[in-house]
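J.: Next input, structure requested:
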Amino acid sequence: MKNLIYLFFPILLLIISCSNPIENADKIIAKQVDSTLNSDLKELTSNMEFLYYANPTNYWYPEEYTINDIFNDKFQQGYRGLTKLKEDINAISSNDAEIVDEITNLKEQINIALKDIRSKQNSIELSISMGIYNDFTSYRNLYVTNDKKEKARQMPENVQDSFNKLVELLLNKYNGTASKIKGIEKYTFETIELNEEEKLKIINNLKLLIRNKINNQFNSQDTTIRDEMIKKLFKYYDENENNTSYNNSTSSNGKGIVKGLLNYPSEYIPSMKVYLKNIETNEVFTIDTKDGQAEFEIKDIPEGVYIAYAYATYNGEIQNMPGGGHTTYEPIADAEVTDPKQRDHTLLKFNVKNGEVTEGISIYDWYGPVVPKAN
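T.: Numbers count the residues shown, from 1 in each chain. The predicted model follows:
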């Protein structure tokens, strides 16, 4: 009888574990979020307030201000606004090289604009004190032509251009993080067999986990900012499937299609060159991805046996860094390892068949796989 109990108990545990796919999926999601998203969410949360108020009129003059209003103000509000913008961008947190470079550029443009405004103010005040002009308004009427008046009403052009580019880069981070979240969702659905009702539950749980992490990291008392920016993140997430240029699963010539997920051991996913190599013919197929892109699709792949790997790029150039590969390795703590395959860096071989889609080719291992040289 005891032997029957001992035999039945592990079977019962197996039945219980297999009968709770939602709990298993939640564990996979929590592990993936901790290993791939924590840094992204921390950066996004720290920059929410800046992005929420990222409108040039908040750092210059409201649109209803006329050129007369601005000249009568002697550009004082504009000067204060640009000074505030400089303070705000100093508080932006990012390890993205492109964002850091643009912050530096914007600060330089602000310094030039502030110097120019101060020079004009001093020159005009001196001219008025010497009787050359009666007041600031007379300077406007006598010196500033109509085209210069309209230009003077706007934020300095170089400042606004750099400001807009910085905002675009920061919003791209939101889109990139949304792509990562979508990648975690797809990875989970590929790992565990779920019905449609269970998938909806998992998606809700994933969103709740992300929301709770952001709530815990958000320091401002203005929860409206937090809630609106979370909505923006989830809007990108919900639209991510439709925004990708690699969503069409039809091949023009009946050959195979390979789809996969991308990750990278940093706070963001850089642009990459993804390789598929036929190990029988040595033929190589590649695709270039963008910053923040967490998925890839390569079409028109001839039938055969392949390996997949990637290298990070910057401005289209492959970086002098180790490549990543499609292996069974998982970037988790040693204490969480339950299968030796989770520490195996061997590149996995997979089959591509004509007219079929091969999915689940995740390039997650950047910790030691031996990958072919970039070419």
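
J.: pLDDT weak spots in this structure?
T.: 1-19, 124, 127-152, 240-253, 267, 332-335 (pLDDT under 70).

J.: Give me the contact list for stretch 95-102.
T.: The contact list for stretch 95-102 (CB atoms under 8 Å, 6 or more residues apart in numbering) reads 43, 92, 94, 162, 165-166, 169-170, 173, 266-268, 291, 314. Heads up, the C-betas are built off the backbone N, CA and C, glycines and all.

J.: could I get that stretch in PDB with only the CA atoms?
T.: What follows is the C-alpha trace of stretch 95-102 in PDB, where atoms were taken according to Å, rounded to 0.1, in the frame of the first residue of the first chain:
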ATOM      1  CA  ASN A  95      22.100  54.400 -21.300                       C
ATOM      2  CA  ASP A  96      21.000  54.500 -25.000                       C
ATOM      3  CA  ALA A  97      24.000  56.100 -26.800                       C
ATOM      4  CA  GLU A  98      21.800  57.800 -29.400                       C
ATOM      5  CA  ILE A  99      19.600  59.400 -26.700                       C
ATOM      6  CA  VAL A 100      22.700  60.500 -24.700                       C
ATOM      7  CA  ASP A 101      24.200  62.100 -27.800                       C
ATOM      8  CA  GLU A 102      21.000  64.000 -28.600                       C
END
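
J.: Just the buried positions in that stretch, please.
T.: Along stretch 95-102, these residues count as buried under the neighbour rule (16 or more other CB atoms under 10 Å): 96, 98, 99, 102.

J.: burial of residue 61, as a residue count?
T.: By the criterion of other CB atoms under 10 Å, residue 61 has 20 neighbours.

J.: quick revisit: now, among the buried residues of stretch 95-102, which is nearest to residue 365?
T.: residue 96 (22.8 Å; CB to CB).

J.: how about that closest one, phi and psi?
T.: Recorded main-chain torsions at residue 96 are phi -80, psi 120, according to degrees, to the nearest 10.

J.: Could you check how far it is from residue 268?
T.: Residue 96 sits 6 Å away from residue 268 when distances are taken as CB to CB, to the nearest Å.

J.: intersection of neighbour lists for the two?
T.: Common contact partners of residue 96 and residue 268 (CB under 8 Å, 6+ apart): 173, 291.

J.: Tell me where the chain has strands.
T.: Per DSSP state E, the chain has strands spanning 256-261, 272-278, 284-288, 295-301, 304-314, 317-318, 324-325, 350-352, 357-358. These are given in chain order.

J.: ok and the second one relative to strand 284-288, angle-wise?
T.: Relative orientation of strand 272-278 with respect to strand 284-288: 160 degrees, computed using axes from the mean of the first three to the mean of the last three CA atoms, to 10 degrees.

J.: And the contacts of strand 272-278?
T.: By CB under 8 Å, 6+ apart, the surrounding residues in contact with strand 272-278 are 258, 260, 262, 264, 283-289, 293, 296, 298, 301-302, 304-313, 318, 352, 363, 372, 374.

J.: Then the first one?
T.: Taking CB under 8 Å, 6+ apart as the criterion, the residues outside strand 256-261 that touch it are 183, 186-187, 246, 249, 251, 274, 276, 294-303, 306, 308, 326, 352-364.

J.: residues contacting residue 82?
T.: Taking CB under 8 Å, 6+ apart, we find residue 82 in contact with 59, 60, 110, 113, 114, 117, 156, 159.

J.: separation between residue 174 and residue 88?
T.: Between residue 174 and residue 88 the computed distance is 18 Å (CB to CB).

J.: neighbour-wise, which of these two wins?
T.: The neighbour comparison of residue 174 against residue 88 (other CB under 10 Å) goes to residue 174, with 22 against 16.

J.: hang on, the more buried one packs against residue 232?
T.: Yes - counting by CB atoms under 8 Å, residue 232 is a contact partner of residue 174 at 6.2 Å.

J.: Hmm, residue 154 and residue 160 touching each other?
T.: Yes - Residue 160 sits in contact with residue 154 when judged by CB under 8 Å, with a separation of 7.0 Å.

J.: In terms of neighbours, single out the busier of those two.
T.: Neighbour tally, residue 160 and residue 154, criterion other CB under 10 Å: the higher count belongs to residue 160, 17 against 14.

J.: which residues sit in contact with the more buried one?
T.: Neighbour list for residue 160: 56, 154 [criterion: CB under 8 Å, 6+ apart].

J.: Next, work out how far apart the spatially closest residue to residue 181 that is not a sequence neighbour and residue 25 are.
T.: Sequence neighbours aside, residue 237 is the residue nearest to residue 181 in space, at 5.2 Å (criterion: CB to CB, 6 or more residues apart in numbering). Using CB to CB, one gets 17 Å for the distance from residue 237 to residue 25.

J.: Surely the residue nearest to residue 181 and residue 183 touch.
T.: No - assessed by CB under 8 Å, residue 237 is found out of contact with residue 183, at 10.6 Å.

J.: Neighbours of residue 53, how many?
T.: As a burial measure, residue 53 scores 11 neighbours (other CB under 10 Å).

J.: what are the bridge partners for the closest residue to residue 362 other than its chain neighbours, then?
T.: The shortest distance from residue 362 to any residue that is not its chain neighbour, by CB to CB, 6+ apart, is 4.4 Å, and that residue is residue 261. On the basis of DSSP bridges, residue 261 is bridged to residue 295.

J.: Give the burial count for residue 261, as a bare number.
T.: Neighbours of residue 261 (other CB under 10 Å): 22.

J.: Likewise for the one 5 residues further on?
T.: Other residues within reach of residue 266 by the criterion other CB under 10 Å amount to 14.
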